[in-house]
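Engineer: Got a predicted model here, sequence first, then my questions.
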Amino acid sequence: MREIRVRFAPSPTGALHIGGVRTALYNYLLARKHKGTMILRIEDTDQTRFVPGAEEYIKQSLEWVGIKIDEGITAGGAHEPYRQSERKPIYKEYAQKLIDSGYAYYAFDTNEELEAMRNRLKAAGSSNQQYSAATRMDMNNSLVNSEEDTKRKIAAGEAYVIRLKVPAEGEIHLQDLIRGDVKVDSSQIDDKVLMKSDGMPTYHLANVVDDYLMNISHVIRGEEWLPSAPLHVLLYRYLGWEKEMPQFAHLPLLLKPDGNGKLSKRDADQMGFPIFPLNWTDPNSGELAKGFRESGYLSEALINFLAFLGWNPGSEQEIFSMEELIDAFSLERIGKAGARFDIQKAQWFNQQYLKAKSNEELSNYLLDSLKAESIECSKEKAEKICGIMKERVTFTHDFWLHGKFFFIAPASYDEQVIAKKWNADAVTVLTAYSQEINKLNSLTAELAKATLETVTTNLGIGTGKILQALRVSITGGASGPDLMMTMEILGSKEVVSRIQHALNTLKKPV
Ligand code: GLU
């Protein structure tokens, strides 16, 4: 079998979209599964779309999610350089080869001439206004002009592009590992520009040349590149590389959460969820887009979620570590149908991963939040808090957001609970309870519970009837983690002070 060599080949045109992370992940899983090589190549030949900082962002994103690069811009390798803008002479050589063998030609058409062609065809009622076999002989190129003329124009420094001479007809087939047989009639393909007038190759030429030179075995990429694939097949054929052509796998689209249409940044913004792995500040607009990381997602949960967007293991198992994904992954189990980007499922994965972490690990999230608020807390206390909260959190920052009451006494009380549960019985029990707690030096959950039982029994009032009132006086809220443990963590003094404060500030029930 051919050695597995795959590449992730993003263009640095902005933040890495979450769909790009999925593409990188599937490449990585295949490489690791077969002890192959994962390559990171930067496709930056379109200088007009270059965005500063984007390459760095791509690197950091892959690092955060745990996709390791074996070869490429970060790791070096036998095929350096891995940034296409640094490989210009290589592409020039192959463009020349195509010209010499008659598969490509020089075109000198100005923008006005191109525009005139389109208008002419439109006026003639043609639905297809492409530069192609049907039109090329009416244009300003080396197929029409004499050889001397062409040489003279080039020598005179006239601007030109190099175009591929796509045949007038004939079916082009390709076997896609996900879509099966894909065929296109070459009359549908225009004479694509391979080299631009600035001497840079276009994506098509650079991509094919590099995949060949880097000995890529599988091209795994998004469905949006499927229409380009037949053209790439032609290029492999004309360059004499058909035998070395990689296998193609075009991944299904990512759909909006409701399944209607392609997922976009606009949807994510509107529905309030991230679409980029890390925070991204657009260098032009200055606009900040929040990342999955900064929104409180764990990278393992995000990877698990992304793995399932288009692939499934064929079993009921849902929780997969990266190692388990590598083990289970196969291109055969990727579907054709678009994958719904169900953000609630992403949250579910996050909950599962948070729950499974040790209190020690989780405490770091809380301690980070506390540091930002300049609140002191011992590691031991943070661990205890995380331990009783971890069943209830979705995001890493929830330990702080839903656990503020551990550090700040309530300034207000849940009105519904007060209306329903703050009654004479509650006041009687809480008054006696705080007196009893006040006698204790240290408070444990067991002691808090036993003391409450004693007080309510003595007063002849059911504990269940006053529990909500006790909780609201301690935390301000209607729900939360285990109340007895909460009181243990707060300590007897704080518990007494909070109950006293509630008794003093809340209106006496009539
Ligand atoms: N540079 C292309 C992109 O930005 C890569 C497409 C491919 O993998 O061939 O997605």
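Structural biologist: Received, thanks.

Engineer: if you average pLDDT over stretch 229-238, what comes out?
Structural biologist: The average pLDDT within stretch 229-238 is 98.

Engineer: try stretch 352-359
Structural biologist: 98.

Engineer: Quick one: end-to-end length of that stretch, please.
Structural biologist: Terminal residues of stretch 352-359 lie 14 Å apart, using Cα to Cα, to the nearest Å.

Engineer: Repeat that for stretch 67-87.
Structural biologist: 25 Å.

Engineer: same check, this time on stretch 351-366
Structural biologist: From its first residue to its last, stretch 351-366 covers 16 Å (Cα to Cα).

Engineer: Equivalent analysis for stretch 398-412, please.
Structural biologist: So stretch 398-412: terminal residues 20 Å apart, Cα to Cα.

Engineer: how about that stretch: buried residues?
Structural biologist: Within stretch 398-412, the residues scored as buried using 16 or more other Cβ atoms under 10 Å are 398-400, 402-407, 410. C-betas here are computed from N, CA, C, even on glycine.

Engineer: In three-state terms, label residue 313 for me.
Structural biologist: Assigned with DSSP: H, G, I helix; E, B strand; the rest coil, residue 313 falls in the coil class.

Engineer: tell me the phi and psi of the residue nearest to it when sequence neighbours are not counted?
Structural biologist: Nearest non-adjacent residue to residue 313, counting by Cβ to Cβ, 6 or more residues apart in numbering: residue 328, 4.7 Å away. Backbone torsions of residue 328, given as degrees, to the nearest 10, read phi -90, psi -20.

Engineer: Please look at residue 328 and residue 318 and confirm they touch.
Structural biologist: No - with contacts counted by Cβ atoms under 8 Å, residue 328 stays clear of residue 318, the gap being 11.5 Å.

Engineer: With neighbour numbers in mind, choose between those two.
Structural biologist: Per other Cβ atoms under 10 Å, whichever of residue 328 and residue 318 has more neighbours is residue 328, with 18 against 14.

Engineer: after the helix or strand harbouring residue 362, next one along is what?
Structural biologist: If you go by DSSP states H and E, residue 362 is part of helix 359-372. Next helix or strand after helix 359-372 toward the C-terminus (DSSP H and E): helix 379-389.

Engineer: how about that next one as PDB, C-alpha atoms only?
Structural biologist: The C-alpha trace of helix 379-389 is given here as PDB (Å, rounded to 0.1, in the frame of the first residue of the first chain):
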ATOM      1  CA  LYS A 379      -6.500  25.300  45.900                       C
ATOM      2  CA  GLU A 380      -8.200  23.000  48.400                       C
ATOM      3  CA  LYS A 381     -11.300  25.200  48.600                       C
ATOM      4  CA  ALA A 382     -11.400  25.500  44.800                       C
ATOM      5  CA  GLU A 383     -11.300  21.800  44.400                       C
ATOM      6  CA  LYS A 384     -14.100  21.300  46.900                       C
ATOM      7  CA  ILE A 385     -16.300  23.800  45.100                       C
ATOM      8  CA  CYS A 386     -15.600  22.200  41.700                       C
ATOM      9  CA  GLY A 387     -16.300  18.800  43.100                       C
ATOM     10  CA  ILE A 388     -19.800  19.700  44.100                       C
ATOM     11  CA  MET A 389     -20.500  21.800  41.000                       C
END
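
Engineer: How about the contacts made by the residue in the chain sticking out farthest from the centre?
Structural biologist: Note on the chain: the largest C-alpha distance from the chain mean falls to residue 458, namely 58.7 Å (Cα atoms, centre = their mean). Each residue near residue 458 by Cβ atoms under 8 Å, 6 or more residues apart in numbering is listed here: residue 432.

Engineer: Next, the angle from the helix holding residue 362 to helix 379-389.
Structural biologist: 110 degrees (axes from the mean of the first three to the mean of the last three Cα atoms, to 10 degrees).

Engineer: packing partners for helix 359-372?
Structural biologist: Applying 3 or more Cβ pairs under 8 Å, 6 or more residues apart in numbering; DSSP states H and E, we find helix 359-372 packed against helix 379-389, helix 398-401.

Engineer: Touching that helix from outside, list them.
Structural biologist: So helix 359-372 is contacted by 354, 376-377, 379, 382-387, 390, 396-397, 399-400, 403, 407 (Cβ under 8 Å, 6+ apart).

Engineer: Please repeat the previous calculation with a cut-off of 10 Å.
Structural biologist: For helix 359-372, contacts defined as Cβ atoms under 10 Å, 6 or more residues apart in numbering pick out 296, 298, 354-355, 357, 375-390, 393, 395-401, 403-404, 406-407.

Engineer: could you pick out which of these are near the ligand?
Structural biologist: By Cβ under 6 Å from any ligand atom, no member of these lies near the ligand.

Engineer: hang on, the earlier thing: next, format the helices and strands packed on helix 359-372 as TSV and append mean pLDDT.
Structural biologist: Output for these, formatted as TSV (pLDDT from 0 to 100):
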stretch	mean pLDDT
helix 379-389	98
helix 398-401	98
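
Engineer: how about those in a markdown table, adding distance to residue 241?
Structural biologist: Output for the helices and strands packed on helix 359-372, formatted as a markdown table (distance: least, Cβ to Cβ, whole Å):
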| stretch | distance to residue 241 |
| --- | --- |
| helix 379-389 | 56 |
| helix 398-401 | 53 |
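
Engineer: Of these, give the one that comes closest to residue 249.
Structural biologist: Shortest distance between residue 249 and the helices and strands packed on helix 359-372, using Cβ to Cβ, is found for helix 398-401: 37.7 Å.

Engineer: Figure out how far stretch 219-233 is from the centre of its chain.
Structural biologist: Stretch 219-233 has its C-alpha centroid displaced from the chain centroid by 21 Å (Cα atoms, centre = their mean, to the nearest Å).

Engineer: Could you give me the buried positions within stretch 324-334?
Structural biologist: Neighbour-count burial for stretch 324-334 [16+ other Cβ under 10 Å]: 325-326, 328-329, 331, 334.

Engineer: Break the protein into its domains for me.
Structural biologist: 5-73+205-253, 88-195, 265-356, 358-404, 409-510 (automatic domain parsing).

Engineer: Of these, which stretch is the most buried?
Structural biologist: Of all the domains of the chain, domain 5-73+205-253 carries the top mean neighbour count, a mean of 20, counting by mean count of other Cβ atoms under 10 Å.

Engineer: close to the ligand, is that one?
Structural biologist: Yes - counting by Cβ under 6 Å from any ligand atom, the ligand has neighbours in domain 5-73+205-253: 9-11, 43, 207, 219, 221, 225.

Engineer: ranges for the helices of the stretch 51-200 of the chain?
Structural biologist: 54-65, 88-100, 111-123, 147-155 (DSSP state H, counting those that start in this stretch).

Engineer: what would those look like in CSV with mean pLDDT?
Structural biologist: Putting the helices of the stretch 51-200 of the chain into CSV (pLDDT from 0 to 100) gives the following:
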stretch, mean pLDDT
helix 54-65, 98
helix 88-100, 98
helix 111-123, 94
helix 147-155, 97
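
Engineer: These: which one's closest to residue 285?
Structural biologist: helix 54-65 (14.4 Å).

Engineer: Tell me who's in contact with the closest residue to the ligand within the stretch 351-500 of the chain.
Structural biologist: Going by Cβ to the nearest ligand atom, the ligand is nearest to residue 353 of the stretch 351-500 of the chain, at 28.7 Å. Shown in contact with residue 353 (Cβ under 10 Å, 6+ apart): 297-305, 319, 321.

Engineer: That's all I had, so thanks and see you.
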